[in-house]
Each structure stands twice: as structure tokens, then as C-alpha cells.
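In: Requesting a structural model of the entry that follows:
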Amino acid sequence: MEKAGSRRVLRIFIFLAFLFAIEAGLNLTHLSSAAQAKALWVVRTSLLSSGSIDRMVDKAADAGFDNLFVQVCGRADAYFPSRVYPPAENCRELLESGFDPLAYVLQKARARRIKVHAWVNALLVWSNGKPPKEAAHVLNRHSDWMMIDRSGGSLARYSQSLFRKLGITGVFLSPARPEAADMLERFILDLVSRYPVDGIHLDYIRYPMETVDFSPEARKDFQDIAGVDPLSLFQQADRVKRQKGEDEYKRLLGRWTARRAEIITALLARLSGKLNRLKPDLVRSAAVKPEITSALRIYGQDWPTWVRQGHLDMVLPMAYSTSPDVVRSQILQACKAVGREKVWAGLRAYDVPVGGIIERVRGIAALEPGGYCFFSYDGVRNNQTFFRRIKGSIFKP
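Out: Next comes the predicted model:
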């Protein structure tokens, strides 16, 4: 009787322990496997002191993150002593003191076995209402290198109110301008040649909207290819339709959309090839718009081609919707387009409850993407619940 009672108590104990385990998070088992990457985007403002870097690396490591995308170029400037771009305005004094934020991040991250990807805003060069203080900044030296809209207006002359009205971040370099592409390339190659980063991560490698880029170089390029000025397709649409017919006009519009994307792809292909020769084991990635069709049509991001042709090793679709269904659909399409191992799901974390983050991860767990990346450390650095629940619920070995 005593033995039977003991066995009954043991069974009850095991059952209660099982229920507790489920409540604690084992119902989320396999949301992340050991093979999947666990990453954070780290915005440049977290690099402005050794103390802030220490806290960032420690919080990431303690929570189980194994990759950091660290922003070292925000607006055609640098958070390390670059030989090409001027120092960022809020980092100049720090660099002059001899402190190198990127070198320090690498030192601290290596000690915690975390990989570091240098995050570069590629074509976005400025977003402040006031011009750059640095005379050497590209917007001051070469304002004619910036993208042009359909009315012939340069983004360099847009007001802050117009940027807000259009919903775009700021001034962008024209990828069709050879000198601009060369400058970006030199900046990244200099970085990779001097720092043992694990990867290069490109952001804003795109157009900000569909109504750019009508820079002189892009217009001449299309004129040579298609025999028509692309600006006339919009400013003189009726005349072009009369001369060439409705079907030909539509074909030319489609060709223009494709050519815009091809210019971005060509820039990436050249840069990627040189990076591969310089450091073959470097991981090349990009943050991309998650809807494949609009990414191409509006933003010129033909990212499935970028991966299939070997220009990138992986993409991070910015699936920032708070709807689990939308996020799942976007990541599913990405996995189908390029292969799940080459997709790291980019998820919004900065302004949503932790429970919502976990719900979205749960929605895509069965897709088994190559990794998860949360935007951003800076938005959650004071949210201890985020780090605790991420470690306990998602990042299980």
C-alpha cells in the first residue's frame, strides 16, 4: 500500500512537472534550433562609448544571440576611422580620442563567441534638415550625384516636410552615377580589408520610391538601350502613346522598371565579386523589402536574383508587420524564392509586446528559416522581459 501510494505521488509529480515545463516555454520548443542563427540589428547610437558596447554585447550573449549586425555607416559617414567616408558627426570626438567603436565591438563579441556583420546603409546619405557639417561629406561635395525624380527635381533639394509627406527617409545616391558607385565600393572594401568582420550587411540598397531615378546617367543608359528618354514616358505619355502605340508604351514602362532594378543589381554584383575575391569566407547579406513584386517594381530590389546569381549569401526580409499571418506569408514566399537556409527572418521588436514577437516567431517556426534577426537592440535594450523570454522561449538548444 505504501509503495503504491509512493508510485502514485511520483506519477502526479511527473505530470505536474510536465505541465510546468509547458507553461515555462517547452510548448515553443523548436521555434529555434541550434543550427538557426539568432541575431540583432544594432543601431549606430549604441556604439558611442565602451560602456554601451559592453552592455550591448553582454545582453546579446546572455540571451543566446550569436550574430550582431552592427551599423557602422548611417549616412555616408563612419563609426570607425574610415579612409573614404568622414566620421559621423556624433562620433568625431570619440574617433579623435583614439577609440575605435568597430574594433572594440569585434574584440568584445569575439570573447563571447558572437559573429559581427558590418551594417552599411548603402545609398541613403542624409536625412537631417540641416546640411552635413563635414565639408568632405558627399552631399556637400557632390550634390549632383543624388537621385532625380520625374519632375527633374533632385532629392538633395527636398525639404523635410516633403520627405515626410512622401514617406521616405532622406537623400539617396544615384546608383547609375559611376563615381557614386565607386565611392561606396571603396568604402566597403577599405572596411573589409582592415577589420576581421564576419560579414557585410547592406541596407538601403534600393530606391526610396518608384518615381526616382531619372538622373542624367540613368536616362542616357535607357535611351541607349530602348531608344527613348524614360522621362518622356511620364512627362509626355500621351505623345509617346500616339507615336508608338499603347502596347509598345506599356512594354517600355515594363522595360524601364526592369532597367532600374538591373542598375542596382549591377552595382551589387560588382561589389560582391570584389568582396569575394578579397575575403571568400565573408558573409554577404542585405536587408530587403519583404514583398517580392513591390520590392522589384518600387524599390528596384530584385533580391531573389541577387541570391540565385550568388551576389548575396542570404537576405533578411524586413517582415515588420505585427500580423503573424502577414509575416508568415512573407517569409514563406522568401523561403520558396531562394531557399529557407538563405532567409533570416527580420522581425520588428522595438515597439511591440514580447508576446506578439513570440507569436510571430511561432507562426514561421515550421518554415525553418536560416535564422531570426530582431530590429533592434536599441529599441529593446531596456526591456529585460524581451531578453529573458527570448532566451527562455525561443533560443532553446
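In: Would you state the strands of the stretch 51-200 of the chain in chain order?
Out: 67-73, 115-121, 124-126, 171-172, 199-203 (DSSP state E, counting those that start in this stretch).
In: Dump those into a markdown table; add distance to S143, mean pLDDT and mean neighbour count as well.
Out: Using the backbone N, CA and C atoms, a C-beta is placed for each residue, glycine as well. Compiled in a markdown table, those are given as follows (distance: least, C-beta to C-beta, whole Å; pLDDT from 0 to 100; neighbours: other C-beta atoms under 10 Å):
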| stretch | distance to S143 | mean pLDDT | mean neighbour count |
| --- | --- | --- | --- |
| strand 67-73 | 19 | 98 | 26 |
| strand 115-121 | 18 | 98 | 23 |
| strand 124-126 | 10 | 98 | 25 |
| strand 171-172 | 9 | 98 | 26 |
| strand 199-203 | 22 | 98 | 25 |
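In: wait, which of the ones you listed is closest to V212?
Out: strand 171-172 (7.3 Å; C-beta to C-beta).
In: What strands line up against the closest one, and which way round?
Out: With DSSP bridges as the test, strand 171-172 is paired with strand 124-126 (antiparallel).
In: what residue ranges in the stretch 51-200 of the chain score low on pLDDT?
Out: Nowhere does the stretch 51-200 of the chain drop to pLDDT under 70.
In: so R219 makes contact with L233?
Out: No: between R219 and L233 there is no contact under C-beta atoms under 8 Å: 10.7 Å.
In: re the thing from before, for R242, find the nearest of the strands of the stretch 51-200 of the chain.
Out: Of all those, strand 171-172 comes closest under C-beta to C-beta, at 33.8 Å.
In: contacting residues for the residue minimising distance to the centre of the chain?
Out: Per C-alpha atoms, centre = their mean, the C-alpha nearest to the average position across the chain is that of A287, at 2.5 Å. Contacts here follow C-beta atoms under 8 Å, 6 or more residues apart in numbering; on that basis A287 touches 201-203, 315-316, 318, 346.
In: Beta-bridge partners for it, please?
Out: L316.
In: For it, give its distance to T293.
Out: 18 Å (C-beta to C-beta, to the nearest Å).
In: before we move on, the earlier item: now the strands of the stretch 51-200 of the chain in TSV, with distance to N383?
Out: Shown next, in TSV, are the strands of the stretch 51-200 of the chain (distance: least, C-beta to C-beta, whole Å):
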stretch	distance to N383
strand 67-73	17
strand 115-121	21
strand 124-126	27
strand 171-172	32
strand 199-203	23
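In: out of those, nearest to A269?
Out: It's strand 199-203; of these, that one is closest to A269 (C-beta to C-beta) at 12.5 Å.
In: That closest one: how far from the chain's middle?
Out: Put simply, strand 199-203 sits 7 Å off its chain's centre (C-alpha atoms, centre = their mean, to the nearest Å).
In: Show me what that strand is packed against.
Out: strand 115-121, helix 178-194, strand 283-288 (3 or more C-beta pairs under 8 Å, 6 or more residues apart in numbering; DSSP states H and E).
In: For the last one, the averaged confidence score.
Out: Same thing as strand 283-288. Mean pLDDT, computed over strand 283-288, is 98.
In: Can you point out the buried residues in that strand?
Out: 283-288 (16 or more other C-beta atoms under 10 Å).
In: In TSV, list those along with distance to E96.
Out: Converted to TSV, these look like this (distance: C-beta to C-beta, whole Å):
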residue	distance to E96
V283	32
R284	32
S285	32
A286	32
A287	31
V288	36
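In: and these, which two are the farthest apart?
Out: V283 and V288 (15.3 Å).
In: right, and the helices and strands packed on strand 199-203 - which one's nearest R92?
Out: helix 178-194 (17.0 Å).
In: quick one on the thing from earlier: next one: the residue nearest to the centre of the chain relative to P324, how far apart?
Out: 21 Å.
In: Can you show me the strands along the stretch 201-350 of the chain?
Out: 283-288, 314-319, 344-348.
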